[in-house]
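Asker: this is a predicted model, with the sequence first.
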Amino acid sequence: MPIPQSSSDARRAFGAAGERLTARYLEGRGYRILGRNVRLPGGEIDIVADHNGCLVLIEVRLRRGAGAGEALESVARRKQNRLRRLSKEYCATLSAAPESVRIDVVAVSLDRRGRVQDVLLIENAVEDE
């Protein structure tokens, strides 16, 4: 008999699948993936990539049964501030400062059966203040 997954295991697997889908989507648009699930003392960056010479930190928002707009709305001010801090923290780990850095958000919407309905890429979604 299979062992039932805990809700946190299921949530983690759901998120990992969304990040894999997003990485493939981004590669198809010319992004070169440098890292996934990059852990820092201040938190985790879902995907780090290079896009036309720009260092891009990508936040992936995955929602089932909801539109991409709802996924984007989940990147509220508090999350945006954390992403800005993580961007600075990540850049401090590099041997040379990148010429340009931006934070993108990818919102993936799935239908109730788990099929992709929409993928929305917002470049420079979180700007420096």
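Answerer: Good, I have the coordinates. Numbering: from 1, shown residues only.

Asker: return the residues in contact with Val119.
Answerer: 21-22, 25, 68, 106-109 (C-beta atoms under 8 Å, 6 or more residues apart in numbering). (Each C-beta comes from the backbone N, C-alpha and C, glycine too.)

Asker: mind running it again at 7 Å?
Answerer: 25, 106, 108 (C-beta atoms under 7 Å, 6 or more residues apart in numbering).

Asker: what strand or helix carries the last one?
Answerer: Applying DSSP states H and E as the criterion places Val108 in strand 101-110.

Asker: state the pLDDT value of Ala49.
Answerer: Ala49 is assigned a pLDDT of 98 by the prediction.

Asker: oh sorry, the question was meant for Gly18
Answerer: Note on Gly18: pLDDT of 82.

Asker: list the helices and strands the helix or strand encompassing it packs on?
Answerer: For Gly18, the element it lies in under DSSP H and E is helix 7-27. Contact partners of helix 7-27 among helices and strands, from 3 or more C-beta pairs under 7 Å, 6 or more residues apart in numbering; DSSP states H and E: strand 32-40, strand 43-51, strand 54-64, strand 101-110.
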